[in-house]
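Engineer: pasting the sequence and the predicted model now:
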Amino acid sequence: MLINFSMFSKRHAVICSVVFLLVLLALASPTQLVAQELKAPSAPPGVTPLFEKTYRGLQHFFVDSTIYQPRFFRFQRKVTLDSTHQFITISETFYDRPYRLPQTMSLDYYIQERIKFDNREKWIQKVLQTHLEHANRGGTGIVLNIPVRIKSKAFKRIFGGDRVGLRVSGNITFELAGRTESREGSAVSSFEERGTFSPKFKQTQQFQVEGRVGDKVTVSVDQNSEATFDFENTLKLHYQGDEDEIVQKIEAGNVNLSLPSTRYVSTSSNHQGLFGLKTEMQVGNFKFTGIASLQRGENEKLSITGASKEQTRRIKDYEYERNRFFFVDDYYLQTYESSIDTQNWILVLDPNRKVLQLDVWKTASLQTPFSETRQGVAALNPDSLLDEYGGDLTDVEEVPGSVEKGRFERLTPGEDYEYDFQRGIFWLKSTPQDNEIIAIAYSYGPNESNLTKVGMLFQDIDSLAANDSSLVIALKLIKPRANNPSYPAWNLTMRNVYNLGASGISPEGFDLRVIYSVTGEDQDVDQKSGKTYNYLLGLDRVNEQDQVVEGGDKIVDLNRRFIFDLGNGYLFFPSLRPFDPPPNSPFFFDEDRHVEIYDITNTTEERARSKFELEITTKAISNKYELGFNVLEGSETVVLNGRKLTRDKDYTIDYFSGTLEIIAPEARRTDAQVEIEYERGQLFQLDKKTLLGGRLEYNFGERKFVGLTAIYYSQSTLDQRIRLGQEPIRNFVWDLNTSFDFRPNFLTSFFDWLPIVETTAESKFKVEAEYAQVNPNPNT
C-alpha cells in the first residue's frame, strides 16, 4: 500500500482506475502467480554483472511481463573486499550454490564504475521526478494553515507574526508479505501438520516537512528511512531576529560554524557536520556567536605544492586503448616494426611515403543534420570497387567485414582526430561504438605534386556531387561494424598503445616496469634470458649517452618519442603484439609466458589469460584532486596561492565522489600552492565529538575589529582498548586577533600629484595581529 501526500487530479483518477483493473487481471489466476514465483530463474550465460539492473514499469502488475523479475529469498548477491583491500569480488548464489561465475576486479575500477552507475541512476530518478512534477501541476503536498490568528502580543513580539503554517510532502510505503508451510507424514508433529504462517512487514518513509511560525521561525525536516547514512537526514530550526533586536539568529538541529576572521583556530573553515544549537547576538558594536554541538563530520586537509602530483598505478596487459588508434593501410602496418633500426635504435622512414591528406568518416549519428552526411560504401580497396562498378556504387552488395554500406559524417581534423603523416597512424579523440564504421580517404606520396589518392577526398566530393546529387562516396574501410578477428581489417586497429593515465607528464619522476604477475610475486626479469621485460619489449635499449646497451641501463628510453608520448600520455610499444610476439620478431621472449589476448573479443577470457602488468609512476600536471566520498556540501575551503577561491567560478566539486577540479589557470603552474580544507560524513560514528565555544567581536567601523575566540573540543571513544590515532582528546583553545584596514586617499592623491606617475587603484594599508594558545588536557 502506498500513501502519497499529493493533490489528486482527474488524470490521477484515470490512472488509478487503469491500475485497479490491471491488479484484478493479475489476481485472476492465483495458481499461475504462485507457480511463477516458485519457479527458479534460469541462469544466463556469462559472469556476475557489476550491478543489479533496476526494473521499472508494469512489474508490480504483470507477473509474466518481460520487465518483471521475481525476488527469491534464497537468491543472494555478495560484494566482498579481499584481505589486501585492493580487489573486489562480486558473486551470486541461489540456494547456496553459484548462480553465475564470480567477477573480480581492482577496487579503483569498481569505484569508478560505481560512480558512473550511481550518476546514471540519479539522472534517471531526476528525470522521472521532473516528469512527475510536470504531471502533478500544482501538487505541493499537504498544506496546513491555521485559519485562526493568534492574538497574544507576546507571541507576535517573539515570533514576528500571528500565523502558523505547515507543509508536508513525501510518501510512506507499507509492504506486507507472508510465507506458509505445511508438512505431512508420520515424522512431523500435529502442529507442523497444520502448517505455519510467517508474516513479514516493512515500512519505509520519505518526507519533507516545512513549517513557519510567524515571520521569524522556520522549521525544516527531511527524513528518508532508505538513506545510506544517518547524516543525510536533516532537522533544522531557524529563528531570524529583527535588525534592532539583541538576538539576531538562533539555529537548532543541523547547524554550521564559520569563523573566517581567525587563522590559528582549526574551526576557521566551514563546519557543516554539526548537530546542536547556535546563536548570534549583537549589542551596539559588540557581536557574539556561540555554539554547542556534536560533530558528525570528519575534518580533512589537503596541502599540495606545485601542480605536479606523483602517483603509481598498474595497467593490465589487456587494458590497451581499444578502437582509438588505427593504421591508414597495410603498408604502414607491415613496416611498423621493420622501420625501427635495432642497431642504433632509431626510426627509419621512407620519405616517399608520407600521408599528405587524411579525411576520417564514421557512421552518422541521429543528431547530425542530414545535409552534413553522405551515403557511402567503405571497402578494403575502394578504387578497385569504383573501377568494377564504373563509379556508380548504388547497387554494391554489402559483405560484412569487407564492404560496409551506410550514411557517414566527416570528422573534424584536430578536433575529432589527429594523425602522424610519417608513420601512417591516426587516432580518434573519442572511442566509437562497436556498431559504428570507421572509414577514411587519403593521399600519400613524396609531395603534393606527386601523390596517390585512395577513396574520395572531401575536396573532390563537392565537385562530383554538383553533377550527381545521388552520389555514393567511396571510402577505405578501417573498422567495420562488430569488428572481429576473422575480418581482413582486424589488424588495422592498433592494440599496442596504452594510456599512461595523465597528459603533460614530466620526464622527471617518471618510471615504468613491465611485471610478470602470475606467480604471485612481481617479476620484472625473464627467467630464461636473465633480461628485464623492459629490455625485451623494447622500452630500454639505450643509455643516457644515447648508446645501444645490451640488457639496457634499467631506465626506460623516454627520449624515444616514437615509443613514449608523454605530452599526450601514451605508450606505443615497438611491437604490434607486445605480449604475444611472433617467433621472427626482434621483441620475442619466453614463449611459455606469452599472452594470447589480441585475437579474442571476450573480456572475461582476456582477464583469465592475463599475465603481465605495467607499473607506472608519473609526476604529471594535474588540477584535479580526489577528496574521498561523501564530502559535506559547502564545507570546503579552497585557497590557491593565498587567494580564496569561489565555487563554480574558480573550481567545481562533485560532493558524492569527492572530485574537485580547479578551473583557475594558475593552478596548472608548477609552483602553485593549493590548500583544501573540507569535511566528510563519517560512515560509522564510533566516537563522540563535542564542540563548545563562542566568539566576541567589537567593530570600530568598516574593516576594523578586535575579536576574542574560545573553543572547547572533546573527543571520546567507545572502545575499551585505545587504538593509535583514536585517542581521547580534550582541548581548549583561545584566540585574540585584530585587524585595521585603511583606505588612505591622501596617498593616492599624493602619487597622482607627482609628475609622470598616474595611479589606477586606491591605496590600501592593513594591519593584522593574532595570538592563539592551545591548552590540552592530558588526563583524558
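Structural biologist: Everything's here; your move.
Engineer: all helices for the stretch 551-700 of the chain, in order.
Structural biologist: According to DSSP state H, counting those that start in this stretch, the stretch 551-700 of the chain carries its helices in the segments 603-609.
Engineer: what's the answer for the stretch 251-400 of the chain, then?
Structural biologist: For the stretch 251-400 of the chain, helices defined by DSSP H, counting those that start in this stretch occupy the ranges 330-334, 382-389.
Engineer: so P488 is in contact with P400, correct?
Structural biologist: No - here P488 does not reach P400: they are 11.1 Å apart, not a contact under Cβ atoms under 8 Å. Heads up, the C-betas are built off the backbone N, CA and C, glycines and all.
Engineer: pLDDT weak spots in the stretch 501-650 of the chain?
Structural biologist: 620-621 (pLDDT under 70).
Engineer: of all the helices of the stretch 251-400 of the chain, which one comes closest to R97?
Structural biologist: Minimum separation from R97 across those (Cβ to Cβ) falls at helix 330-334, 48.2 Å.
Engineer: ok, and what's touching that closest one?
Structural biologist: Judged by Cβ atoms under 8 Å, 6 or more residues apart in numbering, the contacts made with helix 330-334 from elsewhere in the structure are F327, R353, R423, G424, I425, N491, L492, L576.
Engineer: can you list the buried residues in that helix?
Structural biologist: Of the residues in helix 330-334, those scored as buried under the neighbour-count criterion (16 or more other Cβ atoms under 10 Å) are Y332, L333.
Engineer: also stretch 579-595?
Structural biologist: Going by neighbour count (16+ other Cβ under 10 Å), the buried part of stretch 579-595 is F579, D580, P581, S585, F587, F589, R593, H594, V595.
Engineer: list the buried residues in stretch 363-371.
Structural biologist: T363, A364.
Engineer: wait, D118 touches F629, no?
Structural biologist: No - proximity of D118 to F629 does not meet the contact threshold set by Cβ under 8 Å, at 10.4 Å.
Engineer: list residues touching both of those two?
Structural biologist: Any residue near both D118 and F629 by Cβ under 8 Å, 6+ apart counts here, and that gives F656.
Engineer: low pLDDT regions in the stretch 201-350 of the chain?
Structural biologist: For the stretch 201-350 of the chain, the stretches flagged by pLDDT under 70 are 227-232, 260-261, 264, 266-271, 306-310.
Engineer: how's the protein carved up into domains?
Structural biologist: Following automatic domain parsing, the chain resolves into domains at 2-109, 140-226, 237-296+685-780, 302-307+623-681, 325-492.
Engineer: adding distance to Q125, write the ones you listed out as a markdown table.
Structural biologist: Rendered in a markdown table, the data for the domains of the chain read as follows (distance: least, Cβ to Cβ, whole Å):
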| stretch | distance to Q125 |
| --- | --- |
| domain 2-109 | 10 |
| domain 140-226 | 12 |
| domain 237-296+685-780 | 23 |
| domain 302-307+623-681 | 13 |
| domain 325-492 | 25 |
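Engineer: so which of those is nearest F564?
Structural biologist: Shortest distance between F564 and those, using Cβ to Cβ, is found for domain 325-492: 12.9 Å.
Engineer: and D557, what does it touch?
Structural biologist: By Cβ under 8 Å, 6+ apart, the contact list for D557 reads W345, L539, D540, R541, V542, I563, F564.
Engineer: measure it to L566 for me?
Structural biologist: Applying Cβ to Cβ, to the nearest Å, one obtains 12 Å for the distance of D557 from L566.
Engineer: same check, this time on E388
Structural biologist: Using Cβ to Cβ, one obtains 47 Å as the distance from E388 to L566.
Engineer: before we move on, what about G552?
Structural biologist: As judged by Cβ to Cβ, G552 and L566 stand 19 Å apart.
Engineer: residues near the closest residue in space to G290 that isn't next to it in sequence, how many?
Structural biologist: Excluding its sequence neighbours, the residue lying closest to G290 (Cβ to Cβ, 6 or more residues apart in numbering) is G694, at 3.9 Å. Using other Cβ atoms under 10 Å, the number of residues around G694 comes to 17.
Engineer: surely G694 touches M281?
Structural biologist: No - with the criterion set as Cβ under 8 Å, G694 and M281 do not qualify as a contacting pair; they are 9.8 Å apart.
Engineer: need the residues touching each of the two.
Structural biologist: With contacts taken as Cβ under 8 Å, 6+ apart, the residues that reach both G694 and M281 are F288, T289, G290.
Engineer: export these to TSV and tack on distance to F275?
Structural biologist: Putting the shared contacts of G694 and M281 into TSV (distance: Cβ to Cβ, whole Å) gives the following:
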residue	distance to F275
F288	21
T289	17
G290	16
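Engineer: can you map out the strands along the stretch 301-450 of the chain?
Structural biologist: With strands called from DSSP state E, counting those that start in this stretch, the stretch 301-450 of the chain shows them at 308-316, 325-327, 340-341, 346-347, 354-363, 373-379, 403-410, 417-420, 425-428, 438-447, 450-454.
Engineer: of all the domains of the chain, which one comes closest to E606?
Structural biologist: Taking Cβ to Cβ as the criterion, domain 2-109 is the member of these that comes nearest to E606, at 12.1 Å.
Engineer: I'd like the average pLDDT over the closest one.
Structural biologist: The average pLDDT within domain 2-109 is 59.
Engineer: now swap in stretch 765-778 and tell me
Structural biologist: 85.
Engineer: over to stretch 673-682?
Structural biologist: Per-residue confidence for stretch 673-682 averages out to 81 on the pLDDT scale.
Engineer: who touches that stretch?
Structural biologist: Residues outside stretch 673-682 that contact it (Cβ under 8 Å, 6+ apart) are 229, 231-232, 269-273, 296-306, 625, 627-632, 635-642, 658, 660, 662, 667.
Engineer: can you pull the buried residues of that stretch?
Structural biologist: Within stretch 673-682, the residues that qualify as buried by neighbour count (16+ other Cβ under 10 Å) are V674, E675, I676, E677, Y678, E679, R680, G681, Q682.
Engineer: closest to V164 among these?
Structural biologist: Lowest distance from V164 to the buried residues of stretch 673-682 (Cβ to Cβ) belongs to G681, with 33.4 Å.
Engineer: ok, now how distant is that closest one from E633?
Structural biologist: In this view, G681 and E633 are 10 Å apart by Cβ to Cβ.
Engineer: just the strands in the stretch 551-700 of the chain please.
Structural biologist: Applying DSSP E, counting those that start in this stretch to the stretch 551-700 of the chain gives strands spanning 564-565, 570-572, 612-621, 624-626, 637-640, 643-644, 651-654, 659-662, 673-681, 687-701.
Engineer: who touches the residue nearest to V328 when sequence neighbours are not counted in this structure?
Structural biologist: What sits nearest to V328 in space, not counting adjacent residues and going by Cβ to Cβ, 6+ apart, is G424, at 4.2 Å. Neighbour list for G424: F327, V328, D329, Y331, Y332, R353, V355, Y444 [criterion: Cβ under 8 Å, 6+ apart].
Engineer: I'd like to know how far the closest residue to K766 other than its chain neighbours sits from S763.
Structural biologist: When the adjacent residues along the chain are set aside, K766 lies closest to D741, with 4.6 Å between them (Cβ to Cβ, 6+ apart). Using Cβ to Cβ, one obtains 12 Å as the distance from D741 to S763.
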